[in-house]
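Engineer: Starting from these lines, generate the structure:
(one chain, ligands or ions: 2)
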Amino acid sequence: MSALEIRNVRKDFGRTRVLREVSLSIDSGEFLILVGPSGCGKSTLMNAIAGLEPVTDGSILIGNEEVTWRTPAERDIAMVFQSYALYPSMTVRQNIAFGLEMRKVPKAEREATVERVAKLLQITPLLDRKPSQLSGGQRQRVAMGRAIARQPTVYLFDEPLSNLDAKLRVEMRTEIKKLHQTLGTTIVYVTHDQIEAMTLADRIAVMREGRLLQLGTPDEVYNDPVDMFVASFMGSPS
Ligand code: ADP
Ligand code: MG
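Structural biologist: Ligands and ions are numbered 1, 2, ... in the order given. Sure thing, here's the model as predicted:
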């Protein structure tokens, strides 16, 4: 079953065409990594999937339901973006539970979910702190916890680790991989870090100037690039 399907999506900002007929189907449980140079349209595509930006043309299906014209809240997704802020006045516990509260999940179930997610991400000792009392890495974990608590059909990560230092990035990468393996989640993940792409991805999608150039396993994209651009971008052997 496909968890996410993008059909002929086009996006114009005024007269600038940013996405050109992008089509992509992602299986349930798949970890898809989206790479490409800065400005090629990765975030625009993520925002379109999330419903933060309306598409100019084409359609988006999540869990086999068309969601093209639904609001972000009506889509079965959770996002972790680089700049996706926590609610500063709420504790970590409240931040994680917030999405569940919105969906009217009963209190006991909410509390159990928060405990489970906190344990998974090793943030239990932080539950009663405010975001201002956390380090950057801890905040990113909480943002991830908030996403996981919702148990959506699809997770969207847009360069979630790029603000972290190198050591933490490696730690979080391992953590994300573990989460994916434990929970069997479907993930679309944007990165400009080739190592991240090669180690996390089931499949890699390479984008350039609003187009998908190649979609394949890390091995295919690295060893059998479709053109010079993909080869040099992936650092393929020549
Ligand atoms: P990436 O995430 O791959 O770096 P983006 O999707 O952010 O690229 O941007 C793709 C292109 O779309 C860029 O040229 C950018 O300037 C343009 N763009 C992005 N958002 C907007 C917007 N809200 N209005 C106008 N142009 C935009
Ligand atoms: Mg971006």
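Engineer: Could you use CA atoms for every contact and neighbour count after this?
Structural biologist: Noted.
Engineer: touching ligand 1 at all, stretch 194-210?
Structural biologist: No - legend: contact between stretch 194-210 and ligand 1 by CA under 6 Å from any ligand atom is lacking; minimum distance shown is 7.5 Å.
Engineer: and that stretch, C-alpha only, in CSV?
Structural biologist: These are the backbone C-alpha positions of stretch 194-210, laid out as CSV (Å, rounded to 0.1, in the frame of the first residue of the first chain):
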residue,chain,number,x,y,z
GLN,A,194,25.1,12.7,1.7
ILE,A,195,26.1,10.4,4.6
GLU,A,196,22.7,10.9,6.2
ALA,A,197,21.1,10.0,2.9
MET,A,198,23.2,6.9,2.4
THR,A,199,22.8,5.6,5.9
LEU,A,200,19.1,6.3,6.5
ALA,A,201,17.4,5.8,3.1
ASP,A,202,15.4,2.9,1.7
ARG,A,203,15.3,5.0,-1.4
ILE,A,204,16.8,8.3,-2.4
ALA,A,205,15.1,10.9,-4.6
VAL,A,206,17.4,13.4,-6.3
MET,A,207,15.9,16.7,-7.2
ARG,A,208,17.2,19.5,-9.4
GLU,A,209,15.4,22.7,-10.5
GLY,A,210,12.0,21.4,-9.5
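Engineer: I'd like to check what contacts the worst-scoring helix or strand of the chain on mean pLDDT. Which residues are they?
Structural biologist: Every helix and strand in the chain was compared by mean pLDDT, DSSP states H and E; the lowest is helix 166-183, with a mean of 83. Contacts to helix 166-183, defined as CA atoms under 8 Å, 6 or more residues apart in numbering, come from residues 29, 31, 121, 137, 161-162, 185-187, 196, 200.
Engineer: could I get those as JSON lines with neighbour count and distance to F13?
Structural biologist: Formatted as JSON lines, these follow (neighbours: other CA atoms under 10 Å; distance: CA to CA, whole Å):
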{"residue": "G29", "neighbour count": "19", "distance to F13": "32"}
{"residue": "F31", "neighbour count": "23", "distance to F13": "29"}
{"residue": "L121", "neighbour count": "18", "distance to F13": "38"}
{"residue": "G137", "neighbour count": "17", "distance to F13": "34"}
{"residue": "L161", "neighbour count": "24", "distance to F13": "27"}
{"residue": "S162", "neighbour count": "14", "distance to F13": "26"}
{"residue": "T185", "neighbour count": "20", "distance to F13": "32"}
{"residue": "T186", "neighbour count": "23", "distance to F13": "29"}
{"residue": "I187", "neighbour count": "27", "distance to F13": "26"}
{"residue": "E196", "neighbour count": "18", "distance to F13": "30"}
{"residue": "L200", "neighbour count": "21", "distance to F13": "32"}
